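**Student:** Sequence first, then the predicted structure:
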Amino acid sequence: KIKAGMMADVEIIINQEDGVLVIPKSAVFEDDDGLEKVYLIDDDSRIKITPVKTEAVGKDKLKVIEGLVEGGEVVVEGDYELEDGEVVEVE
């Protein structure tokens, strides 16, 4: 229980959707034209730069509106200007 003088962080859920893809905000970058993109990892561990459309759903999360399908792997950290077709090691 919260007593006088105590503080707490509270998250109030006002809307809930099922079947939504959510990715970390850190996975999305903007190109020179301001378009949102992610580094998608294909079956051969190669990078495929993929355009996406997102919508904020929290401080650090984005809902994917289009561009990705469930089960796809995206780079969420260590994405230092990777090139299309570059081979990466997944940990």
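**Tutor:** In hand now; what should we look at? Numbers count the residues shown, from 1 in each chain.
**Student:** Point out where the chain drops to low pLDDT.
**Tutor:** Across the chain, the ranges flagged by pLDDT under 70 are 79.
**Student:** any chance you could map the strands in it?
**Tutor:** For the chain, the strands defined by DSSP state E cover 22-24, 28-30, 36-41, 47-51, 53-56, 61-66, 73-74.
**Student:** any idea which of those strands is most buried?
**Tutor:** Sort these by mean neighbour count, taking mean count of other CB atoms under 10 Å, and strand 36-41 sits at the top with a mean of 20. Bear in mind the C-beta positions are built from the backbone N, C-alpha and C, glycine included.
**Student:** I'd like to know which of the strands of the chain is closest to residue 10.
**Tutor:** Closest to residue 10 of the strands of the chain, according to CB to CB: strand 61-66, at 17.2 Å.
**Student:** got a markdown table for the strands of the chain, with distance to residue 80 too?
**Tutor:** Below are the strands of the chain laid out as a markdown table (distance: least, CB to CB, whole Å):
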| stretch | distance to residue 80 |
| --- | --- |
| strand 22-24 | 16 |
| strand 28-30 | 11 |
| strand 36-41 | 10 |
| strand 47-51 | 12 |
| strand 53-56 | 21 |
| strand 61-66 | 20 |
| strand 73-74 | 15 |
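**Student:** For residue 1, the count of nearby residues, please.
**Tutor:** Residues near residue 1, counting by other CB atoms under 10 Å, number 3.
**Student:** For residue 12, see how far away it is.
**Tutor:** The spacing between residue 1 and residue 12, counted by CB to CB, to the nearest Å, is 18 Å.
**Student:** Tell me the bridge partners for the residue nearest to residue 65 when sequence neighbours are not counted.
**Tutor:** Nearest non-adjacent residue to residue 65, counting by CB to CB, 6 or more residues apart in numbering: residue 53, 4.3 Å away. Legend: beta-bridge partners of residue 53 under DSSP bridges are residue 66.
**Student:** cool, residue 73 as well?
**Tutor:** residue 41.
**Student:** All set now, cheers.
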